[in-house]
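Q: Could you look at this predicted model? Sequence included:
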Amino acid sequence: MSERVRVFVIDDHHLFRSGVRNELHGIVELVGEASEVDAAIEMVRERRPDVVLVDVHMPGGGGRAVIEAVLETHPDIRFLAISVSDSPDDVIAIVRAGARGYVTKTVEADELAEAIRRVADGDAVFSPRLAGFVLDAFAGSLPAEHDPELDQLSAREREVLRLIALGHTYKETAQRLTISAKTVERHVSSVLRKLQLSNRHELARWAADRRIV
Amino acid sequence: MTETQQTHERRFLPVEVTLRTITVVFRVVGACWLIVLSLVTLLTSEPRTPIVSWTALIVSAIAVAVVWTPVTVVLAFRKPETLSSVPFVVIDVALACWTALTPNLTQSESFFAGGYPISAAFLVAATRGISSATVVGVLVAATSVLGSSYAPARTAEVLAINIVSPLVVAWGFDSIRRNDERRRIAEAALAAERAERARADERAEVAAHLHDSVLQTLAMVQRRVQDPRAVVRLARRQERELRAWLDGAAPYGPADGLNSALQRAVTDLEDEHDILVELSTVGDTPLDERTTALVSATREAMINAARFSGVERIYVLVETTSDGVAIVVRDRGSGFDPLGVPEDRRGIRESIVGRLARLGGTATVTSAPGQGTEVDLRLWPVS
């Protein structure tokens, strides 16, 4: 890699921030950290990192508020959501807000570094857990007026998500389906786009339950 | 909260709105009263002053009632704070005094200002209280006495009505306000007490729960520092339990559903073996005899992975659709040669393949040395 990825960390837990700092030291360039929503928005806009590692749960609107505010002015900054939360609605909501991926806080250091690199390259990072949530969100009945382009996954996309949910890496997924890794990435990005743009009522309902729409 | 905010909020209290409405209604009544009397005077009386000024003066009184009354009404409902401002009061009282003086200036025998002047005193009684009401009452009384000087003598009456009634009204309004204030303070105190009690209960409940769960686990963690795997297991179990408690509900759907049963199986497995299971579920279905057997087969597949794969993490994907249930249990571990399994290893053949066949489903085991293992379970709906 020619240049190290510039990363900004937003989390209201000091312990977590120092943990990430230790784990990523020397692998990425940490350009700053913040512990609250408003300060985070300001600092991210000012320092323009490549990737922002953002906690889903924070007082003052959570990671979602940061993502929405920053993307409004700096659509090129990329976000990777990280959380202890396993609840599908939180995860789906943050990805719908614009995060390009989601990992849990139990993620291994090298997995996290790899996820950050992927997000920096403009790819989507689907952990097995996120893949499962997305499959579930797109399952079931379709809305009365649905847009087939956005409201349902193609057979291939479902197949890719299934393999990811079963712990296959993108490369392994590509081998299993005898397609190229680039094609896998294209499928995953397309799923991400559908997730963000679809009006499927399941997605809307998950978001509405948390009163964040 | 600043004082301005307080006064601001006070203006929108229900009791304030009511009092204001009462006085504004009286202003409208007074204005109508003036208009009727003035028109009657204009049309039926002989002018006692030059005709031009006589007409102009009476029309000016009518104009005050016709123009200023709607202004008052609109302000009272749109910008109530204006009504108590000094400029408004000065203009309002000046106009009221003018209507009270016009009968004198026209040397009219009829006090055609009617109920309009006193409505200014009532308005002030509602918006600024008893002392302002007294001052305005005296002013209105004085001008009314002067205004009715050509009318049959009734000075005492005019003084009494114009000074006493605003006082009574202001006093009445003040006591209504005081009662309302007392009631609101009592209600706020009651609500605060209730909220405080609820908070205390909640704290006690949280404290009890943390004591039974997190503190116990932390104590165990301290005693087992030499065994990192045991510590991880304790932490994982505690995390799961705490999360379930925080969520307040089963995150995997109804307790009598397939997903919940699988989640319970996963929890047991994680507690007994040093393994992490990434369980993804799509859709759900109620537990019945067949799906319960399917859970048992899945458990068997997971136990095999935990025992023989040599990895710390396995993946399970459960998809329930109208076409049935498809479950995949996968590990990236050592794998094995399915053909070389000794006869006495009954786990796969009996508990998994045989069981699924009896249920009317299929089980496929895909594995090779070094390639991990994938167990594919399918259960079709009963037709």
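A: Received the coordinates, thanks. Residues are numbered from 1 along each chain as shown, chains lettered A, B, ... in the order given.

Q: quick one: residue A:188 and residue A:122 touch, right?
A: No - Residue A:188 is not in contact with residue A:122 according to C-beta atoms under 8 Å; the separation is 11.4 Å. Where you see a C-beta, it was placed from the backbone N, CA and C, and this is true even at glycine.

Q: Quickly find the element holding the closest residue to chain A within chain B.
A: Nearest residue of chain B to chain A: residue B:280, at 2.3 Å (C-beta to the nearest C-beta). Counting by DSSP states H and E, the element that carries residue B:280 is strand B:276-282.

Q: What are the buried residues along that strand?
A: B:276, B:277, B:278, B:279, B:280, B:281, B:282 (16 or more other C-beta atoms under 10 Å in any protein chain shown).

Q: What segments of chain A are strands?
A: Taking DSSP state E, the strands of chain A run over residues A:6-10, A:29-34, A:51-55, A:78-83, A:101-104, A:125-126.

Q: Burial-wise, tell me which of those strands comes out on top.
A: Comparing the strands of chain A by mean neighbour count (mean count of other C-beta atoms under 10 Å in any protein chain shown), strand A:51-55 ranks first with a mean of 27.

Q: Given that one, what are its sheet partners and their directions?
A: Paired neighbours of strand A:51-55 in the sheet (DSSP bridges): strand A:6-10 (parallel), strand A:78-83 (parallel).

Q: how about those in CSV, adding mean pLDDT and distance to residue B:66?
A: Formatted as CSV, the strands paired with strand A:51-55 follow (pLDDT from 0 to 100; distance: least, C-beta to C-beta, whole Å):
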stretch, mean pLDDT, distance to residue B:66
strand A:6-10, 93, 65
strand A:78-83, 92, 65
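
Q: Quick one: closest of those strands to residue B:127.
A: Using C-beta to C-beta as the measure, strand A:6-10 is the one of these that comes nearest residue B:127, at 51.9 Å.

Q: now the angle from that closest one to strand A:29-34?
A: With axes from the mean of the first three to the mean of the last three C-alpha atoms, to 10 degrees defining the directions, strand A:6-10 sits at 20 degrees from strand A:29-34.

Q: and for strand A:6-10, what are the contacting residues?
A: Residues outside strand A:6-10 that contact it (C-beta atoms under 8 Å, 6 or more residues apart in numbering or on different chains) are A:17, A:20-21, A:24, A:28-35, A:40, A:43-44, A:47-55, A:58, A:63, A:66, A:116.

Q: so what does the strand holding residue B:280 touch, helix or strand wise?
A: helix A:128-137, helix B:258-272, strand B:313-321 (3 or more C-beta pairs under 8 Å, 6 or more residues apart in numbering or on different chains; DSSP states H and E).

Q: which of these sits most buried?
A: Comparing the helices and strands packed on strand B:276-282 by mean count of other C-beta under 10 Å gives helix A:128-137 as most buried, with a mean of 25.

Q: could you give the mean pLDDT of that helix?
A: Mean pLDDT, helix A:128-137: 89.

Q: ok, now stretch B:199-208?
A: pLDDT averaged over stretch B:199-208 gives 84.

Q: Residues touching that stretch, excluding its own?
A: Residues outside stretch B:199-208 that contact it (C-beta under 8 Å, 6+ apart): none.

Q: just stretch B:348-367 next, same as before
A: B:290, B:293-294, B:296-297, B:300-301, B:304, B:324, B:335-338, B:341, B:373-380, B:382.

Q: ok so, going back, looking at residue A:188 and residue A:122, which is more packed in?
A: residue A:188 (25 against 11; other C-beta atoms under 10 Å in any protein chain shown).

Q: For the closest residue to that one other than its chain neighbours, list the residues it contacts.
A: In space, and not counting its chain neighbours, residue A:188 is closest to residue A:124: 4.7 Å by C-beta to C-beta, 6 or more residues apart in numbering or on different chains. Contacts for residue A:124 (C-beta under 8 Å, 6+ apart) come out as A:100, A:101, A:118, A:185, A:188, A:189, A:191, A:192.

Q: ok, the closest residue to the last one other than its chain neighbours to residue A:112 distance?
A: Put plainly, it is residue A:192. Nearest non-adjacent residue to residue A:192, counting by C-beta to C-beta, 6+ apart: residue A:124, 4.2 Å away. Distance of residue A:124 to residue A:112, computed by C-beta to C-beta, to the nearest Å: 16 Å.

Q: just residue B:257 next, same as before
A: From residue B:257 to residue A:112 the distance is 33 Å (C-beta to C-beta).

Q: What are the buried residues along the helix or strand containing residue B:30?
A: In this assignment (DSSP H and E), residue B:30 forms part of helix B:14-44. Residues of helix B:14-44 classed as buried by neighbour count (16+ other C-beta under 10 Å): B:15-16, B:19-20, B:23-24, B:26-27, B:30-31, B:33-35, B:37-38, B:41-42.

Q: How about stretch B:52-68?
A: Buried-residue list, stretch B:52-68, by 16+ other C-beta under 10 Å: B:54, B:57, B:58, B:61, B:62, B:64, B:65, B:68.

Q: The fifth one and residue B:39 touch, don't they?
A: Yes - in this structure, residue B:62 sits in contact with residue B:39. The criterion is C-beta under 8 Å, and the distance is 7.2 Å.

Q: Pull up the overlap in contacts between the two.
A: In contact with both residue B:62 and residue B:39: no residue, using C-beta under 8 Å, 6+ apart.

Q: Chain neighbours aside, what residue packs nearest to the residue of chain A found nearest chain B?
A: Residue nearest to chain B within chain A: residue A:132 (2.3 Å; C-beta to the nearest C-beta). Nearest residue to residue A:132, sequence neighbours excluded (C-beta to C-beta, 6+ apart): residue B:280, at 2.3 Å.

Q: In the beta-sheet assignment, what are the partners of the one you found?
A: Counting by DSSP bridges, residue B:280 forms beta bridges with residue B:317.
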